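In: Turn this into a model:
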Amino acid sequence: MKLTRDGPLSKFAFNFNLRRYVWAPHAEAMTAVLLGDSSGGDGDGDDGAELMRFPMVRGADEDGANFRCEVPGIGGGARYHFEVTMPGGHSFARRDPWARHLEFDSDVATVVNPAAFEWSEFVCPAFDELVIYQVHVGTFTGLNDPETELAGVRPGSFAAAAARLDHVADMG
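Out: Predicted structure coming up:
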């Protein structure tokens with residue numbers, strides 16, 4: 001089975017259903033948990049509250065490592081995460097590794113309906129104007145970094161890297 005963005009692990013927001021396939025070989029059980037404001041922004045003040053739980057079914061594949069579920073009747077804007085239950089009953093939340101939108105500081109994902117997005121034409125910069133700068137966040141913003149300390153953010157975090165972007169821009 002080929003696992004690609006367009007393959008069996010991708011998210012489908014069409015017909016307002018959410019179909020998920022998750023590989024979790026050591027999990028005893030998995031649940032898709034729909035979270036607050038699942039109608040896509042009705043302002044009812046339930047953000048973050050657990051609205052519904054959808055038990056995931058262990059797949060019939062040869063090693064039984066895949067879980068699947070389909071959540072009907074939701075569409076763009078619905079917020080969710082997965083609850084993983086390990087042998088012994090310990091449970092914890094995990095984000096969807098194939099989600100198209102994630103909250104920065106939590107395990108919450110949001111369903112995105114690509115048909116609702118207003119696309120604009122993309123024009124790639126000329127090759128001589130194109131700059132690609134790759135960094136390892138942990139070494140780019142390591143301990144005792146004066147710029148990170150001045151910004152008051154934790155070293156090794158994306159917030160610390162964002163605080164140093166002026167340095168990258170100044171390099172040309």
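
In: For the one residue sitting closest to the centre of the chain, give me its contacts.
Out: Taking Cα atoms, centre = their mean, the centroid of the chain lies closest to L102, which sits 3.6 Å from it. With contacts defined as Cβ atoms under 8 Å, 6 or more residues apart in numbering, L102 is in contact with R95, D96, V108, A109, T110. Just so you know, the C-beta spots here come from the backbone N, C-alpha and C atoms, and that holds for glycine as well.

In: Let me know the closest of those residues to V33.
Out: V108 (9.5 Å; Cβ to Cβ).

In: Can you give me the neighbour number for the closest one?
Out: Neighbours of V108 under the rule other Cβ atoms under 10 Å: 21.

In: State whether F82 is indeed within a strand.
Out: Yes. Under DSSP: H, G, I helix; E, B strand; the rest coil, F82 falls within a strand.

In: What about the closest residue in space to it that isn't next to it in sequence, how many residues nearby?
Out: The shortest distance from F82 to any non-neighbouring residue, by Cβ to Cβ, 6 or more residues apart in numbering, is to R94 (4.8 Å). By other Cβ under 10 Å, 15 other residues sit near R94.

In: three-state assignment of D166?
Out: helix.

In: ok, which stretches of the protein are strands?
Out: 18-23, 29-35, 50-55, 57-58, 66-71, 79-85, 91-94, 109-110 (DSSP state E).

In: how about the residue lying closest to V112 once chain neighbours are set aside, what does it touch?
Out: Leaving aside its sequence neighbours, V112 sits nearest to R100 (Cβ to Cβ, 6+ apart; 4.0 Å). By Cβ under 8 Å, 6+ apart, R100 lies in contact with K11, T110, V111, V112, P114.

In: Could you do E83 as well?
Out: M30, T31, A32, V33, R53, S91, F92, A93, R94 are the contacts of E83 under Cβ under 8 Å, 6+ apart.

In: Against N66, how distant is the last one?
Out: Using Cβ to Cβ, to the nearest Å, one gets 15 Å for the distance from R94 to N66.
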